[in-house]
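Undergrad: need a 3D model of the sequence below.
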Amino acid sequence: MKRWLERVAKRRDIESGNEFRDWLAVEAGADQPGNWRKNGYQTMAKQRIISTTINGNVVEFLAAPRQTLLEVLRNSLDLIGTKEGCSNGNCGACTVLLDGRPVDSCLVLAVEVEGACLETIEGVAASDGLHVIQDAFLEQAALQCGICTPGFIMSSKALLDENASPTEEEIRFHLAGNLCRCIGYDKIVRAVQQAAEGETN
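TA: Residues are numbered from 1 along each chain as shown. From the prediction side, this is the model:
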């Protein structure tokens, strides 16, 4: 990261003088623009206290400006049910619900969830048993290696919270951002259909 910033600063300096370098230093937290060499990049790692609600509990944690929500969940808060797959928003394995909407936590900066309401796979099951979606995934054998499963369950929950009786087409469309490389998608779709029937009965 530091080398990349230095290369960008050097290139932009050549093109437009020192304005970009001074801006970069201030953004990084340097007390004066001219101090970018001395302390600009060092202060990039300054952490902030973030307060948010995770699975119904108010949580505070430290996060650097560049840290993703996925990194904080797994490495700082020990919520390792959220899986890391591609780290670029393509596989959906790290899906969590942010204010009720499914998001790829690898694409969300941790500092962005200040004051938000998060739900991870750890918060889906009730204290007295599994959620109806989790039961359906087990009964339909809609999982194998398990890496993609938390993301599918979170996306499915978001769908059923919004639409209790989705069609097969709506299910497939809603889960298009989640990839499975083991069992395909038919069993997963059937699991969501079963969960929908269970919630409406």
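Undergrad: what about the helices in the protein?
TA: In the chain, the helices defined using DSSP state H lie at 2-16, 19-28, 69-71, 132-139, 149-162, 168-174, 186-200.
Undergrad: now the second one: average pLDDT?
TA: Read it as helix 19-28. Taken as a whole, helix 19-28 has a mean pLDDT of 48.
Undergrad: over to stretch 82-96?
TA: According to the model, stretch 82-96 has a mean pLDDT of 96.
Undergrad: for stretch 55-69, same thing?
TA: Stretch 55-69 comes out at a mean pLDDT of 96.
Undergrad: ditto for stretch 121-137
TA: 95.
Undergrad: ok, Val108 to Ile153 distance?
TA: 18 Å (Cβ to Cβ, to the nearest Å). Where C-beta positions appear, they are placed from N, C-alpha and C, glycine not excepted.
Undergrad: out of those two, which sits in the more crowded spot?
TA: Ile153 (27 against 20; other Cβ atoms under 10 Å).
Undergrad: which residues does the residue lying closest to the more buried one once chain neighbours are set aside contact?
TA: The shortest distance from Ile153 to any non-neighbouring residue, by Cβ to Cβ, 6 or more residues apart in numbering, is to Ile133 (5.5 Å). In this structure, Ile133 makes contact with 124, 153, 156-157, 160, 191-192, 195, judged by Cβ atoms under 8 Å, 6 or more residues apart in numbering.
Undergrad: then Leu62?
TA: Taking Cβ under 8 Å, 6+ apart, one finds 47-50, 76 in contact with Leu62.
Undergrad: and if we set it to 10 Å?
TA: Residues in contact with Leu62, defined by Cβ atoms under 10 Å, 6 or more residues apart in numbering, are 46-50, 72, 76, 110.
Undergrad: closest to Glu60 among those?
TA: Ile49 (5.8 Å; Cβ to Cβ).
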